[in-house]
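Novice: With the sequence up front, the predicted model follows.
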Amino acid sequence: MAQSAPLLRLGTRGSPLALAQANLVRALLARVTGAPETAFEIVVIKTTGDAIQDRPLSEVGGKGLFTKEIEEALLSSRIDLAVHSAKDMPTISQPGLLLAACLEREDPRDAFISLKAKSLADLPHGAHLGTASLRRQALVKKARPDLVVSPLRGNVQTRLRKLESGEVDATLLAIAGLNRLGLAQHATHIMPVETFVPAVAQGAIGIETRGDDNRTRQFVAQINHAPTFIAVACERAFLTALDGSCKTPLAGHATLSGDTLHFRGLIARPDGSAAHDIAGNGHIRDAVRIGDEAGRELKKIGGPDFFD
Ligand SMILES: NCc1[nH]cc(CCC(=O)O)c1CC(=O)O
């Protein structure tokens, strides 16, 4: 007998973290619909970002590298929804697509990982820290100008392996990814959000759909976590206001307490020599405006020279 058509086809990258995230979305969809998990087909799609291992992504074109091919599959209806790390999603969606939902955010913080030191402060003078993230590089250099920062690429497991083989003395990874992979025991120290502001949307899983696909949007609305969606909308508005200057290290993090949203944003130079931060508060209904205004304000404070 022919297999019945899936209720929904979920597109994802093939990395272990991406698959864990797609499986989480599938489990939640099965729970809210009462359908078996097998009714939700996971379609693995290779992206440009997966193929580039040798250069910092910021040089190749930054955001979008992990999403382009998946968005194409969405636009051509080969899949019904895409599961992304919301952090990797381009600020401006392709025409016809939108961020339809977010799952409840995991811990948004960065984990410091080292076999040689208990914390960033504890690393010996001149130690090597591996990260391909300009934000992490800038925040590290701000705290420890003596450290040597070099790119460290590959998926989470690859980076942990490179650390263990001594290629670098330390690295930083999102604790969310480690948690989802069951690898949190590798975290040596958790960086506080106050001094180590997370990347926009770090820890959140975003679900992208076609804007006109009401059927799929009704499904995913049932698994949306509204507080996360609101915080991510604020953070992404901040990123949009600072428009795609993907070579500028930038961080933005919103938290909610009741109906109040608190936002913290930061721009820095890659060498950590200059940084400007900003804070904003307001009603959650103004989430997008709070992020947008913080971004515009930082753009003004930084001046034109900051974004080259
Ligand atoms: N750019 C890679 C990426 N995209 C999302 C995560 C972690 C999971 C998340 O932030 O939700 C990671 C790895 C990392 O930064 O450690």
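Specialist: Sure thing, it's come through.
Novice: Just the pLDDT for the residue in the stretch 201-308 of the chain that the ligand sits nearest to.
Specialist: Shortest the stretch 201-308 of the chain-to-the ligand distance, computed as C-beta to the nearest ligand atom: residue-wise this is residue 202, at 4.1 Å. C-beta: built from backbone N, CA, C; applies to glycine. At residue 202, the model reports a pLDDT of 98.
Novice: quick check, it in a helix?
Specialist: No - looking at residue 202 with DSSP: H, G, I helix; E, B strand; the rest coil, it is coil, so not inside a helix.
Novice: Begin at 55 from now on, thanks
Specialist: Got it, the first residue is 55 from now on, which makes the last one we talked about residue 256.
Novice: Flag every residue of the stretch 205-354 of the chain that's near the ligand.
Specialist: Contact residues, the stretch 205-354 of the chain versus the ligand (C-beta under 6 Å from any ligand atom): 210, 227, 228, 230, 231, 256, 257.
Novice: picking up where we left off before, next, work out how far apart the residue of the stretch 255-362 of the chain closest to the ligand and residue 309 are.
Specialist: Using C-beta to C-beta, to the nearest Å, we find residue 256 at a distance of 13 Å from residue 309.
Novice: With neighbour numbers in mind, choose between the two.
Specialist: Using other C-beta atoms under 10 Å, the more surrounded residue of residue 256 and residue 309 is residue 256, with 27 against 15.
Novice: Enumerate every residue touching the more buried one.
Specialist: 141, 162, 163, 164, 228, 230, 307 (C-beta atoms under 8 Å, 6 or more residues apart in numbering).
Novice: Report pLDDT for the fifth one.
Specialist: At residue 228, the model reports a pLDDT of 97.
Novice: for the last one, same thing?
Specialist: At residue 307 the predicted local distance difference test score is 98.
Novice: Regarding it, what is its secondary structure?
Specialist: At residue 307 the chain is in strand, as set by three-state DSSP.
Novice: what does the one 3 residues further on give?
Specialist: Using three-state DSSP, the secondary structure recorded for residue 310 is strand.
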